[in-house]
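S.K.: Give me a model of this one.
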Amino acid sequence: MKEKNNLTDSLKELEKIISWFELQNEIDVEEGLRRVQEGAKLVEKCRKRLKDVENEFKIIREDLKDSE
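M.R.: Purely as a prediction, here's the structure:
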């Protein structure tokens, strides 16, 4: 089954990563790097999903124009 690109879930994961950094007194560089890499993947995933949503809205708008 293909994993659904859920924007809300991705944003929650990004918030967790940000919170982790905010709570650190001393950052473990390796762990910080891992989390930055994970965050970068989530940002890319969010961009893709936002582009998909934008395209879906365009299609709906065109369909509504055609039905007038």
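S.K.: In this structure, where is pLDDT below threshold?
M.R.: Filtered on pLDDT under 70, the chain yields the residue ranges 1-4.
S.K.: quick one, helices of it?
M.R.: Remark: helices assigned in the chain by DSSP state H are 7-23, 29-67.
S.K.: how about those in TSV, adding mean neighbour count?
M.R.: (C-beta placed from N, C-alpha, C; glycine too.) As requested, the helices of the chain are arranged in TSV below (neighbours: other C-beta atoms under 10 Å):
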stretch	mean neighbour count
helix 7-23	12
helix 29-67	12
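S.K.: ok, and the closest non-adjacent residue to residue 48?
M.R.: Leaving aside its chain neighbours, residue 48 sits nearest to residue 5 (6.5 Å; criterion: C-beta to C-beta, 6 or more residues apart in numbering).
S.K.: residues near that neighbour, how many?
M.R.: 14 (other C-beta atoms under 10 Å).
S.K.: do you know how far it is from residue 20?
M.R.: As judged by C-beta to C-beta, to the nearest Å, residue 5 and residue 20 stand 23 Å apart.
S.K.: next one: residue 54
M.R.: For residue 54, the distance to residue 20 - C-beta to C-beta - is 30 Å.
S.K.: Check residue 68 too.
M.R.: According to C-beta to C-beta, residue 68 stands 50 Å off from residue 20.
S.K.: so who does the residue nearest to residue 48 touch?
M.R.: 45, 48-49, 52 (C-beta atoms under 8 Å, 6 or more residues apart in numbering).
S.K.: Swap in 10 Å and give it another go.
M.R.: Contact partners of residue 5, counting by C-beta atoms under 10 Å, 6 or more residues apart in numbering, are 45-46, 48-50, 52-53.
S.K.: ok, residue 44 - contacts?
M.R.: Applying C-beta under 10 Å, 6+ apart to residue 44 gives the contacts residue 10.
S.K.: Appreciated, that's everything.
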